[in-house]
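S.K.: Predicted model and sequence below, questions to follow.
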Amino acid sequence: MEGMMALAGGPNPEELQKLFMGTGFLASAFVVGAAGIVSLLGILYMTMVVAPNATQRLSGALRERNILSFFAGIPVVGFFALTGAITHKSGPFSALNAVAFGVVLILAFAAAAEDIGRRLYWACGKDGSRASHLASGWLVFAFGAAFPILGWFVILPWVSLSGLGSVLVGLIPSKKSADPVKDIDFGEK
């Protein structure tokens, strides 16, 4: 068959396969890159514009009680899995559950990225803004989560569950400090 295609002047199947695989790689690299950029922008937008006080509170809860936040993330995932299993046959409710989980996950990733960035700046002996903490924390998290074994099965689950658990832990006042985490003051009076 290949000999006939070569005699007929048609394309070589091996070259077609290489072309197809190369195109698939480029398409998947574009999708992963676009998803990374969109998620970074979503987390930055969530932290700085939509819910700066909530992400600051969740980041503080994650910083103060990170082990508790990790274990509190398991019931959060269980809750969304249970509601997803209950509503899986109803399109609108299933979509609503997915959107709610996505919003909570973006809030959790924003808090986790800000915490990672703050710890990174602290380890370097420097101060930084919330945006720099967020951007550097997100880059460290995304780079670490990109590695196959360590990133997929250790870093990604740890940061995801800790961030989701900080949503619950952030609702509980800390015993260490008598005063709760203060909201950001924008100078409005």
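M.R.: Ah, there it is. Numbers count the residues shown, from 1 in each chain.
S.K.: ok, S28 to L161 distance?
M.R.: 27 Å (C-beta to C-beta, to the nearest Å). Placement of C-beta: from N, CA and C, glycine included.
S.K.: let me redo that: I155
M.R.: 11 Å.
S.K.: OK, contacts around A51?
M.R.: L107 (C-beta atoms under 8 Å, 6 or more residues apart in numbering).
S.K.: Between S28 and L161, tell me which one has more neighbours.
M.R.: Neighbour comparison, S28 and L161: the larger count goes to L161, with 20 against 10 (by other C-beta atoms under 10 Å).
S.K.: residues contacting the residue positioned nearest the centre of the chain?
M.R.: The chain has F109 as the residue nearest its centroid, 4.3 Å off, counting by C-alpha atoms, centre = their mean. Contact partners of F109, counting by C-beta under 8 Å, 6+ apart, are 39, 43, 138, 141, 159-160, 163.
S.K.: How much space separates it from I172?
M.R.: 21 Å.
S.K.: So, low pLDDT: which residues of this protein?
M.R.: 1-11, 43, 46-47, 174-189 (pLDDT under 70).
S.K.: Helices of the protein, start to end?
M.R.: Counting by DSSP state H, the chain has these helices, from start to end: 2-8, 13-45, 52-64, 66-86, 91-123, 130-145, 148-150, 156-169.
S.K.: Buried residues of the third one, list them for me.
M.R.: Within helix 52-64, the residues that qualify as buried by neighbour count (16 or more other C-beta atoms under 10 Å) are 52, 54-62, 64.
S.K.: Output those as CSV; include the columns distance to E114.
M.R.: As requested, the buried residues of helix 52-64 are exported to CSV (distance: C-beta to C-beta, whole Å):
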residue, distance to E114
P52, 10
A54, 11
T55, 6
Q56, 8
R57, 11
L58, 9
S59, 4
G60, 10
A61, 12
L62, 9
E64, 14
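S.K.: For L19, state which of these is nearest.
M.R.: T55 (45.2 Å; C-beta to C-beta).
S.K.: circling back to that earlier point, just the buried ones from the contacts of F109?
M.R.: Using 16+ other C-beta under 10 Å, the buried members of those are 43, 138, 141, 159-160, 163.
S.K.: Quick check: S129 vs G60, distance?
M.R.: Distance from S129 to G60, by C-beta to C-beta: 16 Å.
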